[in-house]
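In: Predicted structure and sequence below. I'll ask about it afterward.
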Amino acid sequence: FGLAAAGRPRAAALAALGWAAGTAEFAWARIAPGPRDRAEVTTMLATSALIPPLASWHFLRGAVQHRTVTPWRGLPDLVLFDRDGTLVHDVPYNGDPAQVRPVDGARAALDSLRARGVRIGLVTNQSGVGRGLITRTQADAVNARVAELLGPFDTVQVCPHAPEDGCDCRKPAPGMVKAACAELDVDPSRVVVIGDIGADVGAATAAGAAAILVPTMVTRPAEVTAAAHRAPTLVDAVEDVLAGAW
C-alpha cells in the first residue's frame, strides 16, 4: 500500500506478488504433510496469511520497546571494589580493624560473584599513610579484617600516597586498576570497578574498564550526574553485573 500511495503501482504489484508467492509456499509447506482435508487446508491457508504480518508486528513492537535496553555483555572477568564507603562504612583514616563494619548485603553480594566464577579485588586510596596519620601496617590490618568479614580477594591494591605526591596509583589515576589487571592477566575491557565517588569512576575510565557508581552521602551531585551507570546500593550494582548490564 505504501508503494501504491507513493505513485509506484508497478513496484507495489511486484511486492504484492512476492508476498503472495511467499505465503503460498509457506502454506504448502504446512499443508503438504497431510491429512490435507478441507478443514485443514482452509485453516492452514487462513493462518498462513496471518502469521507473517503478525510475526513482523511482534518483532517491530519488541524492537521499539527494547531499543533502550542495555545489551547483555555476559559476566566480567574481574570486579574491583573501592573499600571505604562502598564495601564498608567509611571511617576516615581508619587504622583500627575493630571499626570495620560492612555495608548491608556486602558479603552475600561478593559471594554471588565468587559463585559465578567472577574474580574480585580491592582498590583503595589510603592517603592517611602518606599523611602520617596511620601506618601501612595498620592499613593492611584493616584490609585483612575486610577480607575476614567479606571473604578473600583475588587482588588487593593500596595507594599509600598523599594527594600532593603526584603518584599514578591514587584514584582517579588508573594505576591500581591496571596493576590488578596485570597481576591477574585480565584485559581492562573485561573489568568493572564499583565505587562511591567520581574518583572510582575516573580510575576505571582511564584504565579502559567499566564503572558503576553507588552514591552515598559524600558523593557530589556532579559526580552522580556524570556517572554513566549508577546503582542505588552495592547489592543492586552487583546484580547489574550478574545480569550482564555493565
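Out: Here it is on my side, so go on.
In: hey, let's count contacts and neighbours off CA atoms from now on
Out: Will do.
In: Show the low-confidence segments of the protein, by residue range.
Out: Regions of the chain meeting the criterion pLDDT under 70 cover residues 1-16, 18-23, 26-28, 34, 40-41, 44-45, 48, 50, 52-72.
In: Kindly report the domain assignment for the protein.
Out: With the TED database serving as the domain definition, the record reports that the chain contains domains spanning 1-66, 78-243.
In: Compile the ones you listed into CSV and extend it with columns for mean neighbour count.
Out: Conversion of those to CSV gives the following (neighbours: other Cα atoms under 10 Å):
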stretch, mean neighbour count
domain 1-66, 13
domain 78-243, 19
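In: all helices of the chain, in order?
Out: Along the chain, counting by DSSP state H, helices occupy 2-5, 9-31, 38-65, 106-115, 127-130, 136-150, 175-184, 198-207, 221-226, 234-242.
In: Can you find which strand in the protein contains the most residues?
Out: Secondary structure of the chain read by DSSP state E shows that its longest strand is strand 119-125.
In: just checking, what packs against that one?
Out: In terms of contacts (3 or more Cα pairs under 8 Å, 6 or more residues apart in numbering; DSSP states H and E), strand 119-125 is packed against strand 78-81, helix 106-115, strand 155-159, helix 175-184.
In: and that strand, how far from the chain's centre?
Out: Here strand 119-125 shows a centroid-to-chain-centroid distance of 17 Å under the convention Cα atoms, centre = their mean, to the nearest Å.
In: what's the answer for stretch 31-40, then?
Out: On Cα atoms, centre = their mean, the centre of stretch 31-40 falls 50 Å from that of its chain.
In: With just CA atoms, put that stretch into CSV.
Out: Only the C-alpha atoms of stretch 31-40 are listed here, as CSV (Å, rounded to 0.1, in the frame of the first residue of the first chain):
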residue,chain,number,x,y,z
ILE,A,31,-0.3,-28.4,4.3
ALA,A,32,1.8,-31.0,2.5
PRO,A,33,2.4,-33.4,5.4
GLY,A,34,-1.4,-34.0,5.5
PRO,A,35,-4.0,-35.0,6.1
ARG,A,36,-5.0,-32.3,3.6
ASP,A,37,-8.7,-32.5,4.2
ARG,A,38,-10.9,-29.4,3.6
ALA,A,39,-10.9,-28.2,7.1
GLU,A,40,-7.2,-28.4,7.5
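In: Was I right to think Gly244 contacts Leu75?
Out: Yes. With the criterion set as Cα atoms under 8 Å, Gly244 and Leu75 qualify as a contacting pair; they are 5.6 Å apart.
In: More neighbours: which of these two?
Out: Here Gly244 and Leu75 are set side by side on neighbour count (other Cα atoms under 10 Å), and the busier one is Leu75, at 21 against 15.
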